[in-house]
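# Sequence plus the predicted model coming up.
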Amino acid sequence: MKASSLVSAGLTALPFYRVLIAFAAGGLLMTGSALGNAKADNASAARDSFIGAEELGRDWIEKMSRAMQDLTYVGTFVYIHDADVETMKIYHSKIDGIEHERLLSLNGEAREIIRDADSVVCIWPGTKSVIVNKVQPRTPFPQFDPQQLTALSEFYEFRKGRDARVAGRRTKVIDIVPQDNYRYGYRLWIDTETFLLIRSAMSDASGRLVEQVMFTDISFPDRVPLEMFSASLTGKRHEWMVDDKPEMTPVEPIITTDIPGVDEMALPGGFELMSDKVTPMVGTMAAVRRLMYSDGLASLSVFITSAADPADGELNGATSMGAVNAYGVKHDNWHATIVGEVPHATVEMLAKTMLIASR
């Protein structure tokens with residue numbers, strides 16, 4: 001969710017760096033060994049078997065990615081992160097070629113997210129706020145680009161495991177094991193009948209679970225009415241904020257837009273720059289330069305602001321929110337916050353090796 005969404009939703013008490021972390025967040029491990037004294041033909045057979053398992057693992061994930069987008073399903077899932085357990089109801093369908101989804105919280109603060117190809121509507125009944133924008137929020141389910149699965153094999157291993165039961169359904173277990181300690185690992189439970197992702201777990205290099213998502217019940221109706229994906233609220237009772245224009249004026253003047261980029265940074269292999277833009281941070285007097293990087297699965301962002309901006313708290317050092325880690329550091333007159341769905345070691349390394357371009 002955009003920082004502006006958080007501000008208008010009544011979360012203005014957040015320190016500035018927490019707004020950045022929430023902005024960036026806008027979603028196990030098994031190891032194996034080889035027998036060194038095996039004969040050459042046995043080693044070749046083991047290698048061929050492993051390659052076959054890797055290809056099968058990618059095939060299951062490719063089918064899963066399509067199923068998550070194309071299937072009609074209704075279910076309840078739990079989302080476990082830090083010490084929190086959230087229960088959510090999900091409605092999903094593809095109607096006339098357009099993907100629609102509705103999420104409703106069943107515990108904790110009441111909230112609702114409705115999204116389609118054009119917009120995301122976030123409803124916060126507690127603060128009587130409705131935010132409409134085009135930013136796709138981070139979801140608790142891992143997302144994959146099927147076209148990048150082969151490229152990911154250089155940095156992750158795909159391993160097909162045994163069948164298991166989740167929410168009363170038979171699933172195939174797929175492990176995605178990173179080749180270094182700078183990325184999380186994933187275990188996926190994929191429905192053998194529909195290829196839908198029924199459960200997922202994310203862990204760090206030590207095997208510590210970072211996040212888990214699991215359906216407790218799920219059904220596959222023939223259709224979900226389009227009305228189910230429409231907000232039923234009116235402007236008379238709720239404050240609406242439509243944030244879909246790139247030229248939207250911030251609530252305070254921007255101090256500077258002349259923000260430098262990054263000269264050097266020790267990015268782990270496979271991470272590439274995906275976007276680089278300067279935008280206003282609504283609700284503050286700051287402009288922010290955001291550089292976003294991805295390896296095709298994991299993503300991270302570098303936010304650079306003027307150290308002179310009167311932001312409500314600068315992050316110096318490390319912090320985290322669930323699977324999202326952040327590290328803040330000051331460089332001369334500039335402050336950088338590295339945020340990503342990557343382990344703490346990754347954001348710390350980037351912060352300590354980053355050189356901001358001189359002006």
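That came in fine, so what should we check first? Numbers count the residues shown, from 1 in each chain.
# Roughly how far does residue 307 sit from residue 332?
8 Å (Cβ to Cβ, to the nearest Å). All C-beta spots, glycine's among them, are computed from the backbone N, C-alpha and C.
# Ok, residue 107 next?
Counting by Cβ to Cβ, the gap from residue 107 to residue 332 is 46 Å.
# thinking again about what came up before, which of residue 307 and residue 332 has more neighbours?
residue 307 (14 against 10; other Cβ atoms under 10 Å).
# what's the nearest residue to the more buried one if we skip its chain neighbours?
Leaving aside its chain neighbours, residue 307 sits nearest to residue 335 (4.6 Å; criterion: Cβ to Cβ, 6 or more residues apart in numbering).
# pretty sure that neighbour contacts residue 306?
Yes - in this structure, residue 335 is within contact of residue 306 by Cβ atoms under 8 Å, at 7.4 Å.
# Give me the more crowded residue out of those two.
residue 335 (24 against 21).
# who's in contact with that one?
304-307, 314, 328-329 (Cβ atoms under 8 Å, 6 or more residues apart in numbering).
# Sketch out the strands for the stretch 1-150 of the chain, chain order is fine.
In the stretch 1-150 of the chain, the strands defined using DSSP state E, counting those that start in this stretch lie at 73-81, 84-95, 98-105, 112-115, 120-124, 129-133.
# sorry, back to before: just send the contacts of residue 335 back as CSV, with distance to residue 267, secondary structure and pLDDT too.
Converted to CSV, the contacts of residue 335 look like this (distance: Cβ to Cβ, whole Å; DSSP: H, G, I helix; E, B strand; the rest coil; pLDDT from 0 to 100):
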residue, distance to residue 267, secondary structure, pLDDT
304, 16, strand, 87
305, 21, strand, 84
306, 24, strand, 81
307, 24, coil, 78
314, 23, coil, 73
328, 18, strand, 90
329, 16, strand, 88
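# are any of these buried, and which?
304-306, 314, 328-329 (16 or more other Cβ atoms under 10 Å).
# State the mean pLDDT of stretch 103-111.
The average pLDDT within stretch 103-111 is 84.
# Dump it to CSV, keeping only the CA atoms.
Extracted in CSV, the C-alpha atoms of stretch 103-111 (Å, rounded to 0.1, in the frame of the first residue of the first chain):
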residue,chain,number,x,y,z
LEU,A,103,-10.0,-9.8,0.8
LEU,A,104,-11.7,-9.3,4.2
SER,A,105,-10.1,-9.5,7.6
LEU,A,106,-11.9,-11.8,10.0
ASN,A,107,-10.0,-10.8,13.1
GLY,A,108,-8.1,-7.7,14.4
GLU,A,109,-8.7,-4.4,12.8
ALA,A,110,-11.5,-4.5,10.3
ARG,A,111,-10.2,-3.9,6.7
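# List the contacts of it.
Residues contacting stretch 103-111 (Cβ under 8 Å, 6+ apart): 76, 84-90, 112-114, 122-126.
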